[in-house]
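Undergrad: Fold the following for me, if possible:
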Amino acid sequence: MDKSVIISLAKGRSGGGGGGSGSDIDNGWDAPPLTKAGFALQIILGIAALVLLILITIALPRVSPWSARGPYLLLVLVTVTLVTSYGLGALSMRAPVIETSTQLRLSSASSFLGAVQDVFLPAVILYLLHLRGNVLRGVKGDTVRPIASQLWKRILDWSWVILTFIFCMVLLGYQANWYNNLPGSMLTEDLFQRYINVSHGLVYTITALHFLLCLNVFVSLIIHFVQSKKAQARDPVTTRLLILAAPFLMIYAINSVATNIIFSVASITATFDVEAFVLAEIIILGICGIMILVALLTTMLLSNVQWTAQKGETLMEHGGAPVQQQQQWSTPTSNWSQPVYNQK
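TA: Numbers count the residues shown, from 1 in each chain. Here you go, the predicted structure:
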């Protein structure tokens, strides 16, 4: 679920976020207790994300050379959007009643940041898997053909990421255009119903694309783990992501689907606790997002990891026929003093 929708729900039920005079902004916030708890969680999660951003930046030089830092540079961008999103979310929940145009700008900014986080956080893992596939192929040569390093897999992954992000921007643009044209147009029931139908259609499409994107990441991690094991090599980066990141990524994706179902049911029921729902969403999305960041950070801290594919030994002539010289593994005279895969 888009974070801006969550914040608007909380703010709508809390009377715009505050009382009357300026002095009441700090001392007399009359929002419901669950809304105040959600505000506190936004602050805590924002601080946690900021700490992770600092740690990721510090750990970045451990990933060498620069060509291997692509996924983690993208991770820095995603983490920055996450920190900013939590800051805007807390501001929107706590701020007093503000004019409609400012509310729309905050909502649009939150929606954009939420789209970047939802789409490109799974893309970080896919990008990292592409590089891990290259390393496995460089280590094992023709004995294994990692799916993660295949050209068609890269095209499919990035096409899916871009398509999902485009639909997010289409929804954001459609909603912004609707609200911009609303003051100068005559609102009728048909126009409003058309807006609802188009918005719901785009939301359902984005939810399906995002769920399949996360499912693709989950399946890709499993496939690469199995291929590494069959090749008698163990990739600690993939193993760490499969254990720590994959479960939370799937919870994140399933939550998006569940949210749409809950809203469809809640629209026809009168006993829907909005504050409890908003708080639950903040907790689920926050924990999942933070844990995925932690999992990616821990991959940067692993020791004895080769981040780029080593070139195989050159072909040597032996009796008139080219033969491939046997690769060395972690021997005193070998170039593999820090192998990316630990041999079993």
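Undergrad: Give the rounded mean pLDDT of the helix or strand harbouring Leu171.
TA: Assigned by DSSP states H and E, Leu171 falls within helix 151-181. Averaged across helix 151-181, the pLDDT comes to 91.
Undergrad: for stretch 70-88, same thing?
TA: Rounded mean pLDDT across stretch 70-88 is 94.
Undergrad: Just the CA atoms of that stretch, as PDB, please.
TA: The C-alpha trace of stretch 70-88 is given here as PDB (Å, rounded to 0.1, in the frame of the first residue of the first chain):
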ATOM      1  CA  GLY A  70      26.500  -0.700  -8.800                       C
ATOM      2  CA  PRO A  71      23.900  -2.500  -6.700                       C
ATOM      3  CA  TYR A  72      25.000  -0.800  -3.500                       C
ATOM      4  CA  LEU A  73      25.000   2.600  -5.000                       C
ATOM      5  CA  LEU A  74      21.400   1.900  -6.000                       C
ATOM      6  CA  LEU A  75      20.900   0.800  -2.500                       C
ATOM      7  CA  VAL A  76      22.100   4.100  -1.200                       C
ATOM      8  CA  LEU A  77      19.600   5.900  -3.400                       C
ATOM      9  CA  VAL A  78      16.800   3.700  -2.200                       C
ATOM     10  CA  THR A  79      17.800   4.300   1.500                       C
ATOM     11  CA  VAL A  80      17.800   8.000   1.000                       C
ATOM     12  CA  THR A  81      14.300   7.900  -0.400                       C
ATOM     13  CA  LEU A  82      13.300   5.700   2.600                       C
ATOM     14  CA  VAL A  83      14.700   8.200   5.100                       C
ATOM     15  CA  THR A  84      13.000  11.100   3.300                       C
ATOM     16  CA  SER A  85       9.700   9.200   3.000                       C
ATOM     17  CA  TYR A  86       9.600   8.600   6.800                       C
ATOM     18  CA  GLY A  87      10.400  12.300   7.400                       C
ATOM     19  CA  LEU A  88       7.600  13.400   5.200                       C
END
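Undergrad: What lies in contact with it?
TA: 3, 42-43, 45-46, 49-50, 52-53, 56-57, 60, 63, 106, 109-110, 113-114, 116-117, 120-121, 123-125, 127-128, 131, 289, 293, 296, 300 (Cβ atoms under 8 Å, 6 or more residues apart in numbering). C-beta here means a position set from N, CA and C on the backbone, and glycine is covered the same way.
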